[in-house]
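Student: Sequence and predicted structure, then a few things I'm wondering about:
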Amino acid sequence: MTQPISPRNEAFLSFVVDHFIETGSPIGSSTLISKYNIKWSPATVRQELNSLMEAGFLAQSHVSSGRFPTEKGINYYVENILNVENSPDFGLQFLENKYEGIDGTLDHVISAASSILSDFTKLAGLAMLPQRNTLRVKSTKLIKMGERECLIFLVFEGGLTEKTYIRLAKPIRDSQVERIGGYLNRLILGLTIEQVRKVVLEKIKRTTTEYNEILEKVLRISSELFEKERKAGIFIEGKISVIESLNFGDSSLYKTIIEILEDQELLSNFLKSVVKDGHSKVFIGSEKGMPRGFSLVAAPYYKGNSYGSLGVFGPTRMNYSKIIPLVNYTAKMVTKRVNGEITE
């Protein structure tokens, strides 16, 4: 854990970080003094900056150049200096009006959240659906597709749906389809996937009926869902916005950004850690496991007893004083929306 630094060190670190976030450029001691109306002598300013460099909070590209914050410095700034509660209101109420207009299933609401975050920040907005393992089955449907073919639909809370095609050993009649469909609803309605597995497996062990072949298929579906690592289910908007925000000429960096945003497993691990901890988190650069030069601000939302998360991804020089409260507020709005607390 990084040791606290002096109030004067913190003041200078804050100046350098604020300048870097605003311009993306290093700052020299003379510019620092004039820009922030510093009353200390130039010698004192240089001494403080050198002290911060020795501690690893600042760096410079060569001896005569200005200073810029390291990832360690930005992490310290966010964790110890930035006061998010006192960040200026920049239109958060506008988000509530946005969410009043969102309609549809959970997929639609979460997808819209990623778009709103991207539009508002001009960076990448991310949003992850709750894992189906924690959602409860709202209904099942069996549809006959042919003499021996059926489709099974499992509909979860919020409208999330899983479907699979099955081929039966024997022909199935329309009357059987209706009867078995009703039986499935009575059997697994309101259960989580883990509970479905247990209930269906117990039924198969205890009884031998016309339902068993279908039950075995439902068991297979539920087992696959339960065991499957959920790499999908992340909505991402604003890939081009992240590239434009960097304003760098290095084309290889653009490739890196795309690779990061297409790595569903990497992003889902960060978003899942937010769900696990139950509170918002800021991942800044390689110090927090992110690729060097990039940050993710994320927060959890909930649907009943199930949790998902959302966030904003961009360069480490993103405006944390605006983005952290924005992400937290958006998570609250999504929670209200998906739980029916916002009415149109």
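Tutor: Okay, I see it.
Student: what about the helices in the stretch 1-150 of the chain?
Tutor: With helices called from DSSP state H, counting those that start in this stretch, the stretch 1-150 of the chain shows them at 7-23, 29-35, 42-54, 71-76, 93-100, 106-121.
Student: So which of those helices is nearest residue 153?
Tutor: helix 106-121 (14.8 Å; CB to CB). Every residue, glycine included, has its C-beta placed from N, CA and C.
Student: Which of the helices of the stretch 1-150 of the chain comes out lowest on mean pLDDT?
Tutor: Of all the helices of the stretch 1-150 of the chain, mean pLDDT reaches its minimum on helix 93-100 (a mean of 68).
Student: about what we covered before: just the helices of the stretch 1-150 of the chain: most buried one?
Tutor: helix 71-76 (a mean of 24; mean count of other CB atoms under 10 Å).
Student: which helices and strands sit right next to it?
Tutor: In terms of contacts (3 or more CB pairs under 8 Å, 6 or more residues apart in numbering; DSSP states H and E), helix 71-76 is packed against helix 7-23, strand 281-284.
Student: and the closest residue to residue 24 other than its chain neighbours, helix, strand or coil?
Tutor: Nearest residue to residue 24 in three dimensions, chain neighbours excluded: residue 317, at 5.7 Å (CB to CB, 6 or more residues apart in numbering). Look at residue 317: counting by DSSP: H, G, I helix; E, B strand; the rest coil, its state is coil.
Student: got a list of what residue 317 touches?
Tutor: Residue 317 makes contacts with 20, 21, 24, 74, as judged by CB atoms under 8 Å, 6 or more residues apart in numbering.
Student: Dihedrals phi and psi, it?
Tutor: When read as degrees, to the nearest 10, the backbone of residue 317 gives phi -90, psi 20.
Student: Quick check: it vs residue 124, distance?
Tutor: As judged by CB to CB, to the nearest Å, residue 317 and residue 124 stand 15 Å apart.
Student: Please put the alpha-carbon coordinates of stretch 112-128 into CSV.
Tutor: Output of stretch 112-128 as CSV, limited to C-alpha atoms (Å, rounded to 0.1, in the frame of the first residue of the first chain):
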residue,chain,number,x,y,z
ALA,A,112,-28.8,1.5,-23.7
ALA,A,113,-26.7,2.1,-20.6
SER,A,114,-23.5,1.4,-22.5
SER,A,115,-24.6,3.8,-25.2
ILE,A,116,-25.5,6.6,-22.8
LEU,A,117,-22.2,6.3,-21.0
SER,A,118,-20.3,6.5,-24.2
ASP,A,119,-22.3,9.5,-25.5
PHE,A,120,-21.8,11.4,-22.3
THR,A,121,-18.1,10.7,-21.9
LYS,A,122,-17.0,10.4,-25.5
LEU,A,123,-15.1,7.2,-24.4
ALA,A,124,-16.2,3.6,-24.4
GLY,A,125,-19.3,2.6,-22.4
LEU,A,126,-19.4,-1.0,-21.0
ALA,A,127,-22.3,-2.8,-19.5
MET,A,128,-22.5,-6.5,-18.4
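Student: all strands of the stretch 151-300 of the chain, in order?
Tutor: For the stretch 151-300 of the chain, the strands defined by DSSP state E, counting those that start in this stretch occupy 161-167, 234-237, 281-284, 294-303.
Student: what's the most buried one of those strands?
Tutor: Of the strands of the stretch 151-300 of the chain, strand 294-303 is the most buried (mean count of other CB under 10 Å), at a mean of 25.
Student: Show me what that one packs onto, helices and strands only.
Tutor: helix 264-277, strand 281-284, strand 306-315, helix 320-338.
Student: Can you check what angle separates that strand from helix 106-121?
Tutor: 140 degrees (axes from the mean of the first three to the mean of the last three CA atoms, to 10 degrees).
Student: Given strand 294-303, what are its sheet partners and their directions?
Tutor: strand 281-284 (antiparallel), strand 306-315 (antiparallel) (DSSP bridges).
Student: Give the rounded mean pLDDT of the longest one.
Tutor: Regarding strand 306-315, the rounded mean pLDDT is 91.
Student: for the stretch 201-344 of the chain, which spans come out with low pLDDT?
Tutor: Along the stretch 201-344 of the chain, segments meeting pLDDT under 70 span 208-210, 222-233, 247-252, 305, 341-344.
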